[in-house]
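Enquirer: build me a structure from this.
(chains A and B)
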Number of protein chains: 2
Amino acid sequence: MCEDAGADVIFAPDDSVLYPTPQRAWVTVEKLTDNLCGRFRPGHFRGVATVCAKFFNIVGADMAFFGQKDAQQVAVIRRMVTDLNLPLQIVTCPTVREPDGLAMSSRNQYLSAEQRRQAVYLSSALRESKRLFTAGQRDASILIAAMREILSKGALLQPEYVQIVDTDSLEDIEQIDKSALAAMAVRCGQTRLIDNCILDLRNGPDSL
Amino acid sequence: MCEDAGADVIFAPDDSVLYPTPQRAWVTVEKLTDNLCGRFRPGHFRGVATVCAKFFNIVGADMAFFGQKDAQQVAVIRRMVTDLNLPLQIVTCPTVREPDGLAMSSRNQYLSAEQRRQAVYLSSALRESKRLFTAGQRDASILIAAMREILSKGALLQPEYVQIVDTDSLEDIEQIDKSALAAMAVRCGQTRLIDNCILDLRNGPDSL
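Expert: This is a model prediction of the structure:
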């Protein structure tokens, strides 16, 4: 797949290369990891930030590309790069979606046919929040309620969180000023799905 | 002083350059910061590791030089470089000493004449531990007692810690196998002095 996409080299080391001795040095990003997925996955972003720092340093990367679907991951990595003065540029790529709107993810393969059918409600909910926002709605609680309403149509969907947060700090906001991030994590059987969109009068990188 | 020593460029930014926004990303080094000075200076090595990572990345350093006097700092920085795969080499420089043995430090200027006179007992104590080790003594508690005995000659000296630790893990050891680090922190009035030496049958970088 990478070759077809034009890649010359793949660097995909296993753990014995990346962690030859017990890892003692860790990169933690405060505040930005407290909310959203961070609430449900303690320690997750410490591992992500640390392994990305290692990759950047080993490869000597000039640019690194991350998908908008993992919005909190992108925010954490961007902040790490800024705060540790890492000499590379982070580029956020639009979320790539299936024809019905479901954000592409390696996890989608674990969904049963019925789960897959209901998974479309995530992007439907986000699209509805975008429609309401564009129509002038700025009250986060109303947007969240509208998203939860749509998710509730999927009997197999168990929302973990549905939130409207500041795009930089990732802290909850009640009234949207200029822009915000609408983000959700939903359990569908054993599979945990996430999706998000930027609420901004300019067009965001969420491809909704 | 730097120019006299042959420096072409000095990079000495102030806080507004290094921390233009609140620092959220931190490098922590586990275990190695639990013992010695880490016990008495919580958070200190997190700041040291983070600012060094920033410096290395901003400057694009190929090599960085640290003094052996700050043995725990060197160990922490070395581990950070290894674990985060930072593309530079850390070089440990021998402790530079005054003629009577006192390790040079910007803090020495704060010592009164009598404090300065007694401060020599730090290096005397380390030299005694080295003498006993070279003569065959491998029991850490005996070496520590000998060092404390010498420090006790200085009425103005208040030892914070006197320890024998593994040179890599910085964990206390009871019996020295091949080598160890003898390290101490001593309060002398308002001034906190540290010093250390490597106990190794090969010659160490402590200039004692």
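
Enquirer: contacts only, for the residue at minimal distance from the centre of chain A.
Expert: The centroid of chain A falls nearest to A:Asp70 when counting by CA atoms, centre = their mean (1.8 Å). Contact analysis of A:Asp70 by CB atoms under 8 Å, 6 or more residues apart in numbering or on different chains lists A:Ile194. Using the backbone N, CA and C atoms, a C-beta is placed for each residue, glycine as well.

Enquirer: again, only this time at 7 Å
Expert: Listed by CB atoms under 7 Å, 6 or more residues apart in numbering or on different chains, the contact set of A:Asp70 is empty.

Enquirer: same question, A:Ile144
Expert: A:Val162, A:Gln163, A:Ile164.

Enquirer: that one: helix or strand, and which one exactly?
Expert: Counting by DSSP states H and E, the element that carries A:Ile144 is helix A:140-151.

Enquirer: now do the buried residues in that helix.
Expert: A:Ala140, A:Leu143, A:Ile144, A:Ala146, A:Met147, A:Ile150, A:Leu151 (16 or more other CB atoms under 10 Å in any protein chain shown).

Enquirer: of those residues, closest to chain B?
Expert: A:Ala140 (23.2 Å; CB to the nearest CB).

Enquirer: ok, back up a step: for A:Ala182, see how far away the residue nearest to the centre of chain A is.
Expert: 15 Å (CB to CB, to the nearest Å).

Enquirer: and for A:Leu122?
Expert: For A:Leu122, the distance to A:Ala182 equals 11 Å [CB to CB].

Enquirer: and stretch A:119-128, average pLDDT?
Expert: Mean pLDDT, computed over stretch A:119-128, is 98.

Enquirer: surely A:Arg46 and A:Gln23 touch.
Expert: No: counting by CB atoms under 7 Å, A:Arg46 does not reach A:Gln23; the two are 10.2 Å apart.

Enquirer: who's in contact with A:Gly38?
Expert: So A:Gly38 contacts A:Phe45, A:Gln72 (CB under 7 Å, 6+ apart).

Enquirer: quick one, phi psi at it?
Expert: In terms of degrees, to the nearest 10, the main-chain angles of A:Gly38 are phi -60, psi -30.

Enquirer: what does A:Asp8 give?
Expert: Taking degrees, to the nearest 10 as the convention, A:Asp8 sits at phi -90, psi -30.

Enquirer: pLDDT score assigned to it?
Expert: pLDDT for A:Asp8: 96.

Enquirer: can you give me the first-to-last residue distance of stretch A:27-41?
Expert: End-to-end distance of stretch A:27-41 (CA to CA, to the nearest Å): 16 Å.

Enquirer: ditto for stretch A:24-33
Expert: By CA to CA, one end of stretch A:24-33 lies 20 Å from the other end.

Enquirer: next SSE after the helix holding A:Ile144?
Expert: Using DSSP H and E, the helix or strand that follows helix A:140-151 towards the C-terminus is strand A:157-165.

Enquirer: which helices and strands sit right next to that following strand?
Expert: helix A:140-151, strand A:179-188 (3 or more CB pairs under 7 Å, 6 or more residues apart in numbering or on different chains; DSSP states H and E).

Enquirer: okay, these in a markdown table with mean pLDDT next?
Expert: A markdown table is the format used below for the helices and strands packed on strand A:157-165 (pLDDT from 0 to 100):
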| stretch | mean pLDDT |
| --- | --- |
| helix A:140-151 | 98 |
| strand A:179-188 | 97 |
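
Enquirer: circling back to that earlier point, against chain B, how distant is the residue nearest to the centre of chain A?
Expert: 17 Å (CB to the nearest CB, to the nearest Å).

Enquirer: what does the model give that residue for pLDDT?
Expert: 97.

Enquirer: over to the one 4 residues further on?
Expert: Model confidence at A:Val74, expressed as pLDDT, equals 97.

Enquirer: would you confirm that it contacts A:Pro94?
Expert: No: A:Val74 is not in contact with A:Pro94 according to CB under 7 Å; the separation is 11.7 Å.

Enquirer: which residues are in contact with each of these two?
Expert: Contacts common to A:Val74 and A:Pro94, judged by CB under 7 Å, 6+ apart, are A:Gln68.
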